[in-house]
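no letters, just coordinates:
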């Protein structure tokens, strides 16, 4: 594993610009529509970790908002944002995969303009019971699934002490690289240890369901597979000569060995999340 | 004969076909429907149920005072019959887990105004009272054996019963074919979340023949 790559991935950040519709601001008692609020966050972070701060900032602009954050949600171009996805992943799926993004490369589509809502929570599209605890549960179930895919059992995760399990999530929330890796290094394969399957999820445009299947990192002859070979196996009809794979805001070359990608580019949930366009 | 603990996708889909076909044949009230993903490839099955709570208050206790209707009744008719009835529609999906190679039970529930039940609402109105406490306990997941996940085929949020221990549980049984696997699995995983299986499934000889 290359610590410098993992560290760069961990240190990736996105500037966000939050805004609210005038009618919604009025509904909550504001005389004028508040101007945008700018926050820079780690790509590995989650929207749910921002909801209280956002509520407090809008309160300070004069909105009368309830204490409960249960109705707060975020939207980008009409799409409710899944707050249990890492922000960097959402950005890659919704912004970089847009055809207009590459044309705007000079200016980039940053800050990322996100709309805030304080009512009419779209429960058909977003997890209910929204809280950091729900996001943590989802994160831990992904960690567990990654463990199972790699080794055929969830022993490594289940053998972690309760405080180590908690440390994984809490170090992610506090963006503490060293604290996270202290625990996570016990979950990843050592050196050239062969794993059964690669924890991988592929995201396609147009709200296609996420593609996830058992992916072996090698051929039967033991030859290491590349990202392109894996993608072709999962999506035989995709023309890889016209497609691009994005991870952490970077276009990943198709000839990247999948084992290297998994070790170095996996999100803290131990999955390699690739947006295709 | 070795017992079956996991299913391949093919075995899973074949057993769903057999299960739905049989459910229509022997248990006519059982409304299992076979569904396919938008590419016509992956198969899953769904079933809708209606729970009538004899109270209009969502917070009110209705532990013993409800009935489960297998066919979805006309809501207007029900309200006429008992003006205080609270009606909850539940929707169950059996979907394949490519990671764990086992069936997974996904579900959602709605009040009659279309709003979704939260985890607390589910405990109060849908889950079996016997299992509520056990479902809260899990060493890794704070909310217990049930939490939310995006439906693997629809991409929408559903509740689901965690599948990671399914194959260990199924290893305790003597299961000889994929159809009896689905039936035994459902008899374990359904009732805690309000999905009861008609005893006719386990009485008939066809279960053994598969």
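All right, it came through fine. Because the structure is a prediction, the values reported are computed rather than measured.

so residue A:213 sits right up against residue B:98, yeah?
Yes: between residue A:213 and residue B:98 there is a contact at 4.9 Å, judged by CB atoms under 8 Å. Every residue, glycine included, has its C-beta placed from N, CA and C.

any idea how far the nearest residue to residue A:109 once chain neighbours are set aside is from chain B?
Nearest-residue entry for residue A:109: residue A:95, 5.1 Å, with adjacent residues in sequence omitted and distances by CB to CB, 6 or more residues apart in numbering or on different chains. According to CB to the nearest CB, to the nearest Å, residue A:95 and chain B sit 19 Å apart.

and what about residue A:95, helix, strand or coil?
helix (DSSP: H, G, I helix; E, B strand; the rest coil).

shouldn't it be in contact with residue A:112?
Yes: Residue A:95 sits in contact with residue A:112 when judged by CB under 8 Å, with a separation of 6.4 Å.

what sits against the residue nearest to residue B:116 when sequence neighbours are not counted?
The shortest distance from residue B:116 to any residue that is not its chain neighbour, by CB to CB, 6+ apart, is 4.5 Å, and that residue is residue A:123. By CB atoms under 8 Å, 6 or more residues apart in numbering or on different chains, the contact set of residue A:123 is B:115-116, B:157.

and residue A:123, helix, strand or coil?
Here residue A:123 takes the coil state, with states given by three-state DSSP.

quick check: residues of chain B near chain A?
Within reach of chain A by CB under 8 Å from any CB of the partner chain, chain B has these residues: B:37-38, B:98-100, B:115-116, B:118-120, B:139-143, B:147-150, B:152-157, B:162, B:164.

buried only: go through these for me.
Those of the residues of chain B next to chain A that meet the buried threshold are B:98-100, B:116, B:118-119, B:140-141, B:143, B:147-150, B:152-154, B:157, B:162, B:164, by 16 or more other CB atoms under 10 Å in any protein chain shown.

inside helices: which ones of the residues you listed?
Of the positions in these, residue B:119 sit in helices, assigned by DSSP state H.

what's the local residue count around the residue nearest to residue A:109?
When counting by other CB atoms under 10 Å in any protein chain shown, one arrives at 22 neighbours for residue A:95.

separation between it and residue A:249?
Counting by CB to CB, to the nearest Å, the gap between residue A:95 and residue A:249 amounts to 9 Å.

so residue A:75: helix, strand or coil?
For residue A:75, the secondary-structure state derived from three-state DSSP is strand.

my bad, should have said residue A:83
Secondary structure for residue A:83, judged by three-state DSSP, is coil.

touching the longest helix along chain B from outside, list them.
Secondary structure of chain B read by DSSP H shows that its longest helix is helix B:9-26. Taking CB under 8 Å, 6+ apart as the criterion, the residues outside helix B:9-26 that touch it are B:7, B:30, B:32-34, B:42-45, B:94, B:96, B:98, B:103, B:177-179, B:181-183, B:200-201, B:204, B:206, B:210.

for that helix, which positions count as buried?
Neighbour-count burial for helix B:9-26 flags B:9, B:11-16, B:18-20, B:22-23 (criterion: 16+ other CB under 10 Å).

how about the strands in chain A?
Using DSSP state E, the strands of chain A run over residues A:13-19, A:37-42, A:73-76, A:79-80, A:112-117, A:200-203, A:245-247, A:250-251, A:272-276.

I meant to write chain B there.
All strands of chain B, identified by DSSP E, fall at B:33-36, B:43-53, B:66-69, B:86-97, B:102-111, B:146-150, B:157-161.

for residue A:209, find the nearest of the ones you listed.
Comparing the strands of chain B against residue A:209 with CB to CB, the closest turns out to be strand B:146-150 (8.2 Å).

and that closest one, what does it pack against?
Packing contacts for strand B:146-150, counted by 3 or more CB pairs under 8 Å, 6 or more residues apart in numbering or on different chains; DSSP states H and E, involve helix A:132-151, strand B:157-161.

6 Å instead, please
Using 3 or more CB pairs under 6 Å, 6 or more residues apart in numbering or on different chains; DSSP states H and E as the contact definition, the elements that strand B:146-150 packs against are strand B:157-161.
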